[in-house]
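Enquirer: Quick one, structure for this:
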Amino acid sequence: MRVRVGCEFGWETDAPVPMFMLVRPRMDAEHIAVYESKWIEPSGIPLHEYHDLFGNICWRFVAPPGPTTVRYDAVVEIPETADPVVPHAALHPVEDLPDEAIVFTLPSRYVESDQLLDEAWTLFGDTPPTWARIQAVCDWVHHNIEFRNGSSTPSTTALDIYKQRAGVCRDFALLAVAFCRALNIPARYTFGYLPDIAIEPPDVPMDFHTWFEAYVGGRWYTFDARHNTPRVGRVVIGRGRDAVDCALSTAFGAARLAKFVVWSDEITAERPGGPPTEEDADRQEAAARTKQ
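Expert: Purely as a prediction, here's the structure:
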């Protein structure tokens, strides 16, 4: 199937501010880009693209004083199947892990797995050393952490989430990654676009989504502690140790975010996907009033 994904960011700055962004999907994931475009205003701002240490596609530019808008739009082909589930896949002893997986067993800036060792082994040490152990982590995080917008900040860590028991999808992923690493399971923080395919769309605007990938059964598999169910349509933008490696945008100076819009839609005869229309906004507002 085909989905249309993209985003638009608008900033306001008082002086030139160097920035970099991650919004373009990775080319090594299970999707194929059939159309892509990017647009930056004011026109003429040089935009440099490079690959970081984790293979993510990054954009660099300098926002001039005043308003700056960056927009990305793409059509990608994705598998029609949901995330695979392999219940009998075995975990690997650390000595058998591939070299590139070792870094994802270690603590990092937002993933204090070393401080969650006792909790992790108490909660999950009796589970089978298979896929089931990772699924037990997802089940625990899903049922014990409340999804609450505004409950965390960009500096909130996995340990903070374990203590406060509330967060957003970023925080669900961070805590699940921390538990996995405490259990010697390689886990990497992952984010991207996730359309609402084969589910009831929520009554909130589309946003980016964060999940994680764990190394089990000889390869990396997708896990999602926030939704805790296989989903169709993930389009990976970034992978890394934690949220530091996968920040949507980083400004080396004062930049006020004035606009933030994300779209991720299956392309159908009725809807070609793309940025939300005024009719979409009215529908979301009406749904929100009904829910209240």
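Enquirer: Helices of this structure, start to end?
Expert: Applying DSSP state H to the chain gives helices spanning 117-124, 131-144, 158-164, 169-182, 278-291.
Enquirer: So which of those helices is nearest residue 43?
Expert: For residue 43, the closest of the helices of the chain is helix 278-291, at 26.0 Å, according to CB to CB. For the C-beta atoms, the positions are set from N, CA and C on the backbone; glycine is no exception.
Enquirer: picking that back up, quick one, which of the helices of the chain is packed in tightest?
Expert: Across those, averaging neighbours per residue (mean count of other CB atoms under 10 Å) puts helix 169-182 on top, at a mean of 28.
Enquirer: Packing partners of that helix?
Expert: helix 117-124, helix 131-144, helix 158-164, strand 187-193, strand 209-216 (3 or more CB pairs under 8 Å, 6 or more residues apart in numbering; DSSP states H and E).
Enquirer: rewinding a little: for residue 59, which of the helices of the chain is the nearest?
Expert: When the helices of the chain are ranked by proximity to residue 59 (CB to CB), helix 169-182 comes first, at 20.7 Å.
Enquirer: Mean confidence (pLDDT) on the closest one, please.
Expert: Averaging pLDDT along helix 169-182 yields 98.
Enquirer: cool, and stretch 99-107?
Expert: 98.
Enquirer: ok, and for that stretch, which residues are buried?
Expert: The neighbour-count criterion (16 or more other CB atoms under 10 Å) identifies 101, 104, 105, 107 as the buried residues of stretch 99-107.
Enquirer: to the chain's geometric centre, what's the distance from that stretch?
Expert: Centre-to-centre, stretch 99-107 and its host chain are 19 Å apart (CA atoms, centre = their mean, to the nearest Å).
Enquirer: Next, the distance between the ends of that stretch.
Expert: Terminal residues of stretch 99-107 lie 16 Å apart, using CA to CA, to the nearest Å.
Enquirer: neighbouring contacts of that stretch?
Expert: 94, 97, 113-115, 181, 184-188, 215, 241 (CB atoms under 8 Å, 6 or more residues apart in numbering).
Enquirer: Nice, that's everything, thank you.
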